[in-house]
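Enquirer: Quick check, what structure comes out for this input:
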Amino acid sequence: MSTLELVLNMLAEATTTTLSKKQAPQTFDENVKVAKQGGGIAGDTRKAIEKAAGEPVITSKNAVDFSNLIADVIEIPMLEGGKKDKQTKG
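Expert: Numbering: from 1, shown residues only. A predicted model of the protein is given here:
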């Protein structure tokens, strides 16, 4: 899962939440309609990005791959910060 895929997923969820608060669906079918609206907005956004970029947004990476990337990004600065602290104290 790429950063852009994650952001589009978040867009779909946030849009659906906003629409749900405004429309106040009461039944399962009403909730499905709101979810499709939110997902549709994110889908339209994905298509617009793909058209402008000339390449697909969807990757073969999954959430585990993305999680590992985030862990690596967090770990490297912490390690570098730890090295700097030791250097300044010594």
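
Enquirer: can you give me the helices in the protein?
Expert: With DSSP state H, the ranges of helices along the chain come out as 3-23, 28-53, 63-89.

Enquirer: quick one: which of those has the weakest pLDDT on average?
Expert: In terms of average pLDDT, helix 63-89 trails the rest of the helices of the chain, at a mean of 62.

Enquirer: domains for the protein, by residue range?
Expert: As recorded under automatic domain parsing, the domains making up the chain are 1-59, 62-90.

Enquirer: Pick the most deeply packed of these.
Expert: Mean neighbour count (mean count of other Cβ atoms under 10 Å) peaks for domain 1-59 among those, with a mean of 14. Every C-beta, even on glycine, is put in place using the N, C-alpha and C of the backbone.

Enquirer: Show me how far that one is from its chain's centre.
Expert: Using Cα atoms, centre = their mean, to the nearest Å, the mean C-alpha position of domain 1-59 is found 11 Å from that of the whole chain.

Enquirer: Then stretch 53-62?
Expert: For stretch 53-62, the separation from the chain centroid amounts to 13 Å (computed by Cα atoms, centre = their mean).

Enquirer: In contact with the nearest residue to T16 once chain neighbours are set aside: list those residues for me.
Expert: The spatial neighbour of T16 that comes closest, neighbours along the chain excluded (Cβ to Cβ, 6 or more residues apart in numbering), is G38 at 2.9 Å. Residues in contact with G38, defined by Cβ atoms under 8 Å, 6 or more residues apart in numbering, are 12-13, 15-20.

Enquirer: give me that answer again for 10 Å
Expert: G38 is in contact with 11-20, counting by Cβ atoms under 10 Å, 6 or more residues apart in numbering.

Enquirer: Check E55 too.
Expert: With contacts taken as Cβ under 10 Å, 6+ apart, E55 has the following neighbours: I49.

Enquirer: phi, psi of it?
Expert: Main-chain dihedrals, E55, degrees, to the nearest 10: phi -150, psi 160.

Enquirer: start at 9 instead
Expert: Okay, using 9 as the starting number, the last item reads as E63.

Enquirer: Sweet, I'm off.
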